[in-house]
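Chemist: sequence? don't have it. structure:
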Ligand code: COA
């Protein structure tokens, strides 16, 4: 019984999940190690996002999520102490778990916004890249420093960074391991906006709550179309958009959204 209470109070040791209506905030909470991703933290994050995908009876469905870190880091990378003695087989499992986490965030039927409050290095930068977009505190630092350790990014950095900032900038960052400050990250399009550290979470919460008032099926559909569309020809991608557009006309949200417009009323969406 004691165990059950503990489980209910805090499901995870290093991840905190809070809901504010339709907005979920997921905080990585291992500040003494700058939120470094060991296998336990990665596992807890996978479970936390998996839980958000499951809509429970009587609970608001998640329509937007925020991912952030406790303390002075977002995430200072995969846990070097844990990685140091891995075999190739272990390393493959670790990379696979990081990719699973990236895929669950990227594939979630709601936007996930990274609120990068401090260091986002290595796996931390990669985790932020798996999110829909990044808002950063002015003190944030970004980088892929794996080459300093004799390895390469293993949680998607060689793939998502070039897609986000262009191949030439990604090459420079990954080959040098150099860190960018928030303004530099803004200049190359790695982050969408920079805020004073004290305002970051309020600003991200504000945009997340605004997204949560929109048609959730529409937002999910747009996310999927943009994600899948980058992987196929433009003709196939446009066809994908056409099908996704048409499907939404079978939803209550489309009927109520357009009706509200015509009646000059504020739309509310049930996500049906
Ligand atoms: N893995 C494991 N532990 C890490 C870590 C990581 N990626 N990043 C930081 N930590 C730990 C430190 O070892 C230290 O632990 P300790 O107090 O038990 O010694 C603690 O977090 C605080 O870090 P510290 O280095 O003392 O903070 P700092 O402010 O002086 O430096 C960084 C901050 C981010 C510059 C530095 O921690 C760093 O370079 N981290 C590694 C970044 C990296 O290479 N990431 C990619 C991994 S693939």
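Modeler: Received, thanks. Values in this document were obtained by computation on a predicted structure and should not be read as measured data. Residues are numbered from 1 along each chain as shown.
Chemist: can you give me phi and psi for residue 141?
Modeler: phi -140, psi 140 (degrees, to the nearest 10).
Chemist: swap in residue 12?
Modeler: phi -120, psi 160.
Chemist: start at 28, not 1
Modeler: Fine by me, first position is 28 from now on; the one you just mentioned is residue 39.
Chemist: does the residue lying closest to it once chain neighbours are set aside fall in a helix, a strand, or a coil region?
Modeler: Leaving out its chain neighbours, the residue that sits closest to residue 39 by CB to CB, 6 or more residues apart in numbering is residue 71, at 4.2 Å. For every residue, glycine as well, the C-beta is placed using N, CA and C. Classification of residue 71 by DSSP: H, G, I helix; E, B strand; the rest coil places it in helix.
Chemist: and residue 71, how many neighbours?
Modeler: By the criterion of other CB atoms under 10 Å, residue 71 has 23 neighbours.
Chemist: check residue 194 too.
Modeler: 10.
Chemist: now residue 69
Modeler: There are 22 residues near residue 69, going by other CB under 10 Å.
Chemist: my guess is it meets residue 126, correct?
Modeler: No - if you go by CB atoms under 8 Å, residue 69 and residue 126 don't touch, sitting 10.2 Å apart.
Chemist: biggest helix in the chain, by residue count?
Modeler: helix 115-134 (DSSP state H).
Chemist: check which helices and strands the following helix or strand past it is in contact with.
Modeler: Per DSSP states H and E, the first helix or strand lying C-terminal to helix 115-134 is strand 139-143. With contacts taken as 3 or more CB pairs under 8 Å, 6 or more residues apart in numbering; DSSP states H and E, strand 139-143 sits against strand 91-96, strand 100-102, helix 150-157, strand 160-164, helix 227-239.
Chemist: now the ones you listed in CSV, with distance to residue 172?
Modeler: As requested, the helices and strands packed on strand 139-143 are exported to CSV (distance: least, CB to CB, whole Å):
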stretch, distance to residue 172
strand 91-96, 17
strand 100-102, 13
helix 150-157, 9
strand 160-164, 18
helix 227-239, 23
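Chemist: with distance to the ligand, mean pLDDT and mean neighbour count added, can I get those in TSV?
Modeler: Below are those laid out as TSV (distance: least, CB to the nearest ligand atom, whole Å; pLDDT from 0 to 100; neighbours: other CB atoms under 10 Å):
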stretch	distance to the ligand	mean pLDDT	mean neighbour count
strand 91-96	12	98	26
strand 100-102	7	98	28
helix 150-157	6	98	29
strand 160-164	15	98	25
helix 227-239	18	98	18
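Chemist: and the one helix or strand residue 255 maps to, average pLDDT?
Modeler: Following DSSP H and E, one finds residue 255 within helix 243-256. Across helix 243-256, pLDDT averages out at 97.
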